[in-house]
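# after the sequence you'll find the predicted model.
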Amino acid sequence: MAHIGKLLQRYTSSNFHVALALWAFCRVFALQQSISFSFALQCAIFGFGWAGYQYLKDYVPVFYQQQSLSFIKLTPLLIAVILGFYGLISQPFFIWVAFGFVGVLTFCYALPFGAKMGLRFVPTIKVFVVALCWTVLAMVSLTALPKILFVLVSIKAMLWMICLILPFELRDMQKDEKFLKTLPQLLGVNGVKLLGCILIGFTAFLAFKTVAVAVLLYVEWGMLLLMGITLYSTPKKQSPMFTSFWVESIPVLWLLASLLVLKKPFI
């Protein structure tokens, strides 16, 4: 068991898992509307998502501490960027703009010029910045939707992401400095869990209004129930894998369940 735990920790620390979750999240939203999601665009989302999380978690501390980077450390980032550009190169201009917007937000989220610089350290807003980035990427394949439906799906994606981030906010509650005024610091543990349940209920209602493939509505409701159980059972003292692996696995499970009921291949 200890060996498996170490393997999972190495896997999640590579940021591959969170990039996989981002890709799965975006693909599910396309499936729900029966919209084609090109392989190239999937590569762009996964590649730049992977690169973005490597930048935030691995490279920002190295940059502001002026440490040297080995080729071994740079290799995953180079692979991710190459994959991202491979997928993006054939995309229309508006998708380049969307990726550029997300890239600027990612860079500004944690600036590499010193400790505690960036949007991450502006009181309260970090959860909304992350949710906005994932929402923009989830919606780039859905621009052909009618305007009202597009807005409703966008709101649903934002709410989904906020709910997914809440367990991470609870995890970081003790180590986040008081000036950050995170949701757990403002509302308390029970307040955050109540907020999450309210948002999950509203998201379930939006799912009823927006999912075009009927069977996928029941899959989403099942995933929202799982999200609610996860949030409600989130412990104050978590194991490292609770959020980094299990919570981030929910979009992947959502995609797998959706593909299973539709009898479609994973890729």
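That came in fine, so what should we check first?

# ok, the residue nearest to V247 when sequence neighbours are not counted - contacts?
Take V247 and drop its neighbours on the chain: the residue closest to it by CB to CB, 6 or more residues apart in numbering is P167, 4.9 Å away. The way it works is simple: take the backbone N, C-alpha and C, and place the C-beta from them, glycine included. When the contact criterion is CB atoms under 8 Å, 6 or more residues apart in numbering, the partners of P167 are T230, L231, T234, Q238, F242, T243, V247.

# can I get those in TSV including distance to I72?
Shown next, in TSV, are the contacts of P167 (distance: CB to CB, whole Å):
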residue	distance to I72
T230	35
L231	37
T234	35
Q238	30
F242	29
T243	27
V247	29
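
# ok, those vs I95, which is closest?
Minimum distance to I95 across the contacts of P167 is 28.4 Å, recorded for V247 (CB to CB).

# number of nearby residues for the closest one?
For V247, the count of nearby residues is 22 (other CB atoms under 10 Å).

# same question, L41
L41: 21 neighbours (other CB under 10 Å).

# looks like it contacts Q91 (just checking).
Yes - with contact defined as CB atoms under 8 Å, L41 counts as touching Q91 (6.5 Å).

# so how far is the helix or strand hosting V219 off the chain centroid?
Assigned by DSSP states H and E, V219 belongs to helix 214-232. Relative to its chain's centre, helix 214-232 lies at 17 Å (CA atoms, centre = their mean, to the nearest Å).

# got a list of what F242 touches?
Taking CB under 8 Å, 6+ apart, one finds P167, R171, T234, P235 in contact with F242.

# buried subset of these, written for ChimeraX?
Buried residues within the contacts of F242, by 16 or more other CB atoms under 10 Å, are selected in ChimeraX with:
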select :167,171,234
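
# ok, of the contacts of F242, which one's closest to L253?
Using CB to CB, the contacts of F242 come closest to L253 at P167, 14.9 Å.

# how near is the residue nearest to V247 to K209?
Between P167 and K209 the distance is 26 Å, computed by CB to CB, to the nearest Å.

# one more: C108?
33 Å.
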